[in-house]
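Trainee: Here you go, sequence then predicted model.
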Amino acid sequence: MRSFKETCSFGYLQSCVLRLLRAFAVLSLESGSALADTCVSPPRPFVPSDLKAASEYANIIHDDFELYFRDIQSYFRCLDEERARAFKEAREVSEEYGRFLDLAHR
């Protein structure tokens, strides 16, 4: 067990701070990559209930629908990629857990 003097020494404190900084760096990288890979669904196109407005803005509404259909396809691809990644990760975690159980029961 460390003495109070060893525990409160500058060297020990410095190593604790360095460990904390490394942990924060790893966490920020992990959370950043998770956020970058988030799939975001596109907003639904708006269609006015007023026939006059709908006909007046028909070109804009048409373009909004075309944009939606393009973006929803990208969204579906993103979901497929995320699903594949999650299955791969779950398989790896399951294998790691199996190795852990083997070690724990020796």
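Mentor: Structure received.

Trainee: any idea which helix or strand carries residue 73?
Mentor: Applying DSSP states H and E as the criterion places residue 73 in helix 58-104.

Trainee: quick one: low-confidence parts of the chain?
Mentor: 1-37 (pLDDT under 70).

Trainee: Break it down into its domains, please.
Mentor: Split into domains by automatic domain parsing, the chain comes to 1-36, 39-106.

Trainee: Tell me, how many residues neighbour residue 65?
Mentor: The number of residues packed near residue 65 is 13, by other CB atoms under 10 Å. C-betas here are computed from N, CA, C, even on glycine.

Trainee: now it: how far from residue 73?
Mentor: For residue 65, the distance to residue 73 equals 13 Å [CB to CB, to the nearest Å].

Trainee: So which bits of stretch 49-61 are buried?
Mentor: Across stretch 49-61, burial judged by 16 or more other CB atoms under 10 Å covers 57, 61.

Trainee: quick one: contacts of it?
Mentor: Contacts to stretch 49-61, defined as CB atoms under 8 Å, 6 or more residues apart in numbering, come from residues 45-48.

Trainee: would you put the C-alpha positions of it in PDB?
Mentor: Provided in PDB are the C-alpha atoms of stretch 49-61 (Å, rounded to 0.1, in the frame of the first residue of the first chain):
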ATOM      1  CA  SER A  49     -53.900  21.400 -48.300                       C
ATOM      2  CA  ASP A  50     -54.900  24.500 -50.200                       C
ATOM      3  CA  LEU A  51     -55.300  23.600 -53.900                       C
ATOM      4  CA  LYS A  52     -54.300  27.100 -55.100                       C
ATOM      5  CA  ALA A  53     -51.100  27.000 -53.100                       C
ATOM      6  CA  ALA A  54     -50.300  23.500 -54.200                       C
ATOM      7  CA  SER A  55     -50.700  24.400 -57.800                       C
ATOM      8  CA  GLU A  56     -48.800  27.700 -57.400                       C
ATOM      9  CA  TYR A  57     -45.800  25.900 -55.700                       C
ATOM     10  CA  ALA A  58     -46.000  22.600 -57.700                       C
ATOM     11  CA  ASN A  59     -42.400  22.900 -59.000                       C
ATOM     12  CA  ILE A  60     -41.000  23.400 -55.500                       C
ATOM     13  CA  ILE A  61     -43.200  20.600 -54.100                       C
END
